[in-house]
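Chemist: kindly return the folded structure for what I paste below:
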Amino acid sequence: MNHPSASAVHEDPQQALQIAQAVMGNRTKSMIVRHLWTHGDSTGSSICAETGISGPTFSLAMQQLEKWQITSGSIPSHQRHGRAVTYSLDQTKIRGLVQLWFDFVQGQIPGQSEAPEGS
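Modeler: Just a heads-up that it's a prediction; the model follows:
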């Protein structure tokens, strides 16, 4: 099934649904997304300071969010060692994932309960 919301956020509708579930079902990832949505572009240290997320937990969650192209950093990941990175949120992608998850919850699309790799 090629659902419009899914195709807008990922080529594979089932993978997009799994990503949506992994983001919304994880407190750390949800807090990062919320912070970037409400505060706009932010450094990792400011996100950690304002949310109480530890540095290592933030790093792991951010790696996954970037892998799924929900967030992006101002410096390529291989050049970040010791440098302050400003992160931004792809609000269009988040809207699509939220809509996809909502459609799933309403029974409008089939889904799987498995989380994507790296969640």
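
Chemist: quick one, phi psi at Thr86?
Modeler: phi -100, psi 130 (degrees, to the nearest 10).

Chemist: that one bridge partners, please.
Modeler: For Thr86, the beta-bridge partners under DSSP bridges are Thr43.

Chemist: rounded mean pLDDT for stretch 81-89, please.
Modeler: Average pLDDT, stretch 81-89: 88.

Chemist: may I see the buried residues of it?
Modeler: Val85, Tyr87, Leu89 (16 or more other CB atoms under 10 Å). Where you see a C-beta, it was placed from the backbone N, CA and C, and this is true even at glycine.

Chemist: which other residues reach that stretch?
Modeler: Contact partners of stretch 81-89, identified using CB atoms under 8 Å, 6 or more residues apart in numbering, comprise 33, 36-37, 40-45, 47, 62, 70-75.

Chemist: can you pull out the helices in this structure?
Modeler: Using DSSP state H, the helices of the chain run over 4-9, 13-24, 27-39, 44-51, 55-67, 91-105.

Chemist: hmm, back to that, and the buried residues of stretch 81-89 as a markdown table, adding distance to Asp103?
Modeler: Formatted as a markdown table, the buried residues of stretch 81-89 follow (distance: CB to CB, whole Å):
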| residue | distance to Asp103 |
| --- | --- |
| Val85 | 33 |
| Tyr87 | 28 |
| Leu89 | 21 |
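
Chemist: from those, which is closest to Ala22?
Modeler: Lowest distance from Ala22 to the buried residues of stretch 81-89 (CB to CB) belongs to Leu89, with 16.0 Å.

Chemist: need the winner for burial among the helices of the chain.
Modeler: helix 13-24 (a mean of 22; mean count of other CB atoms under 10 Å).
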